[in-house]
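Participant: Would you be able to build a 3D model of this:
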Amino acid sequence: MTTSTRGGSDALTRPDGTPIKILTVDDESSLTELLSMAMRYEGWEVATAGSGIAAVKAAREMRPDAIVLDMMLPDFDGLEVMRRIRTEQPDVPVIFLTAKDALEDRIGGLTAGGDDYVTKPFSLEELIARLRGLLRRTGATTVRPGSQLVVGDLVLDEDSHEVTRGGEEIQLTATEFELLRYLMRNPRRVLSKPQILDRVWNYDFGGQANVVELYISYLRKKIDANRPPMIHTLRGSGYVLKPATE
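Facilitator: Okay, the predicted model is just below:
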């Protein structure tokens, strides 16, 4: 599975401006963690479940805008999960994940009421693209125009690529911009070096994780210079961006 997805300027939200809600169901925790990271990078709210029973409970609590659902679960299959969820949420769209290539399995999921399917292994970029298309088709979303990220007095415009702090413009390179955008899409959240490498550089540098330290230092010189710091290091854990007033 590849992990080459990156949030674009056409950020999707619910029509009322609140974040999209996605429920991801798979008994492979490493997979749900990857999917959650990619979806949160899109600015979406994510819940996960590792079994059919947990999925039904999570859907009842979250009321998701879409569900990514593995066909094979430890208690009952994805079709049964969808059936139970749709007794309460009849219109919620579902994308099935399946390890099977057989045509009858694909047709079975769609004829049972699924909206799309993705065959494992798949790229995160493909899945996110399909989710975005599905959400648009179902009318669950709107595109947020002139999308801006705001944390404290720091403002990043995803359309114009302009960045200001306290009204003062800050010039960033393309990589610095992507790193800051990822930090600002996850305010107050500790992000590890592997997470940052995966989301900003789209591949693992192996032993060269110090590239993250290097670019964090570049950002600090531009964002925090002669100002109360916003970018913080949590030794052994990663980095976090939060308003200077906190």
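
Participant: May I ask which helix or strand of this protein has the lowest mean pLDDT?
Facilitator: Counting by mean pLDDT, DSSP states H and E, the chain has its least confident helix or strand at strand 142-143, which shows a mean of 54.

Participant: Looking at whatever helix or strand comes next after that strand now, give me its mean pLDDT.
Facilitator: Later in the chain than strand 142-143, the nearest helix or strand by DSSP states H and E is strand 148-151. Average pLDDT, strand 148-151: 87.

Participant: quick one: the strands in the chain?
Facilitator: 12-13, 21-25, 45-49, 66-70, 94-98, 116-119, 142-143, 148-151, 154-157, 163-165, 168-170, 231-234, 238-241 (DSSP state E).

Participant: Among those, show me which one is buried the most.
Facilitator: strand 66-70 (a mean of 26; mean count of other CB atoms under 10 Å). Glycine gets a C-beta too; all of them are placed from N, C-alpha and C.

Participant: From the contact counts, what lies against that one?
Facilitator: Contacts defined by 3 or more CB pairs under 8 Å, 6 or more residues apart in numbering; DSSP states H and E place strand 66-70 against strand 21-25, helix 52-62, helix 78-86, strand 94-98, helix 124-137.

Participant: which residues are contacting it?
Facilitator: 20, 22-28, 35, 55, 59, 78, 81-82, 85, 92-98, 114, 127, 131, 134-135, 138, 140 (CB atoms under 8 Å, 6 or more residues apart in numbering).

Participant: Hey, what's the angle from that strand to strand 21-25? Just curious.
Facilitator: Strand 66-70 runs at 10 degrees relative to strand 21-25, counting by axes from the mean of the first three to the mean of the last three CA atoms, to 10 degrees.

Participant: so how far is strand 66-70 from its chain's centroid?
Facilitator: 14 Å (CA atoms, centre = their mean, to the nearest Å).

Participant: May I have it as PDB, with CA atoms only?
Facilitator: This file holds the C-alpha atoms of strand 66-70, laid out as PDB (Å, rounded to 0.1, in the frame of the first residue of the first chain):
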ATOM      1  CA  ALA A  66     -19.500   7.900   5.000                       C
ATOM      2  CA  ILE A  67     -18.100   4.500   6.000                       C
ATOM      3  CA  VAL A  68     -15.000   2.600   4.900                       C
ATOM      4  CA  LEU A  69     -15.900  -1.000   5.600                       C
ATOM      5  CA  ASP A  70     -13.800  -4.200   5.400                       C
END
